[in-house]
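Student: below is the sequence, then the predicted model.
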Amino acid sequence: MPERYQNEIEEILRQAGDLSSDARPRRSQDGLFRLIRLQLSQSFGGKRWSLTPGRVMLVGVVLTLAGLVLGSAIPGITGLLAWGGLVLFIVGYGLFFVTPTNKTEKRWRGRPVDYQGESLWDRLSRRLKRR
């Protein structure tokens, strides 16, 4: 009985080895360009006109790089684009901490909890109305 299992395992391994030796190895597309392509597709996917922190940071990086590249062609535009890109990058980074990303439904004893917390805008407008 153990020889039968051993023979079956050896046969399966031979068949698996034959399949992998006949097929051409596919070139792996791991690398920087694949990573950039995936990041761009994730960043621009989803809602078309939504303002996400990742998109703001991406625009900031693009503006900074455009300022560096166009600096030799148009000397006065380097500082403007670089500073604008840096400011947008910082704003996008700050948006990571301001915008809530928790989209899970809160439940208590099997029932969804409808928690309506006050937004930052509501609190600020309430304080300004008092004065």
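Tutor: It's in. Numbering: from 1, shown residues only.

Student: where in this protein is pLDDT low?
Tutor: 1, 18-30, 43-49, 99-103, 114-118, 131 (pLDDT under 70).

Student: show me where it has helices.
Tutor: 2-22, 32-44, 53-70, 77-98, 120-130 (DSSP state H).

Student: tell me which of those helices lies nearest to R109.
Tutor: helix 120-130 (28.8 Å; Cβ to Cβ). Quick note: C-beta positions are derived from backbone N, CA and C, even for glycine.

Student: who touches that closest one?
Tutor: V98 (Cβ atoms under 8 Å, 6 or more residues apart in numbering).

Student: just the CA trace of that helix, in CSV.
Tutor: Provided in CSV are the C-alpha atoms of helix 120-130 (Å, rounded to 0.1, in the frame of the first residue of the first chain):
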residue,chain,number,x,y,z
LEU,A,120,-15.4,69.8,11.9
TRP,A,121,-17.3,72.3,9.8
ASP,A,122,-20.4,71.9,12.1
ARG,A,123,-18.4,72.6,15.2
LEU,A,124,-16.7,75.6,13.7
SER,A,125,-19.9,77.1,12.4
ARG,A,126,-21.6,76.6,15.8
ARG,A,127,-18.7,78.4,17.6
LEU,A,128,-18.7,81.3,15.1
LYS,A,129,-22.5,81.7,15.5
ARG,A,130,-22.1,82.1,19.3
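
Student: gap between that helix and the chain center?
Tutor: Helix 120-130 has its C-alpha centroid displaced from the chain centroid by 33 Å (Cα atoms, centre = their mean, to the nearest Å).
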